[in-house]
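1. here's a sequence, model it:
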Amino acid sequence: MKPTDSELEILHVLWTSGPSTVRQVHEALSQSRDLGYTTALKLMQIMHEKGLLTREESNRSHTYAAAVTEEETQRGLVDRFVETAFRGSASKLVMQVLGQHKASRQELDEIKKLLNQINSSDESN
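-> Numbering: from 1, shown residues only. Down below sits the predicted model:
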């Protein structure tokens, strides 16, 4: 399931902060954008219905947590993006990103390390 941009913002807060109340998520989001409390509440209720969040209903306040991991969400978004924008070509995506963005030496080293890991696992299969 592909989260909307607003849902992704809420997920980022929960991935970073852990289980939180609507008020805590609202306060975190209000630092960077104008978002009403009731809007945050409604979004989180919808996300719970969609299975993106879990909800603990103890005491008077509900505590929400991400039901999806950051990694699986990113993987799904990237897979869909590669399919729709680059017709399934990961190499076109990488070339576009590296052509538009000056990668640091550290980022390039991480990319090389990943490519070496992929090559090693392909050779052992």
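2. quick one: secondary structure of residue 68?
-> Of the three states, residue 68 takes coil under DSSP: H, G, I helix; E, B strand; the rest coil.
3. give me phi/psi at it?
-> phi -120, psi 150 (degrees, to the nearest 10).
4. with adjacent residues omitted, what lies nearest to it?
-> Distance criterion Cβ to Cβ, 6 or more residues apart in numbering; nearest residue to residue 68, sequence neighbours excluded, is residue 52 at 5.8 Å. Any C-beta I mention is one placed from the backbone N, CA and C, and that applies to glycine too.
5. got it, and residue 51?
-> residue 67 (5.8 Å).
6. now do the contacts for the one you found.
-> Shown in contact with residue 67 (Cβ atoms under 8 Å, 6 or more residues apart in numbering): 51-54.
7. would you reformat those residues as CSV and include secondary structure?
-> Converted to CSV, these look like this (three-state DSSP):
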residue, secondary structure
51, coil
52, coil
53, strand
54, strand
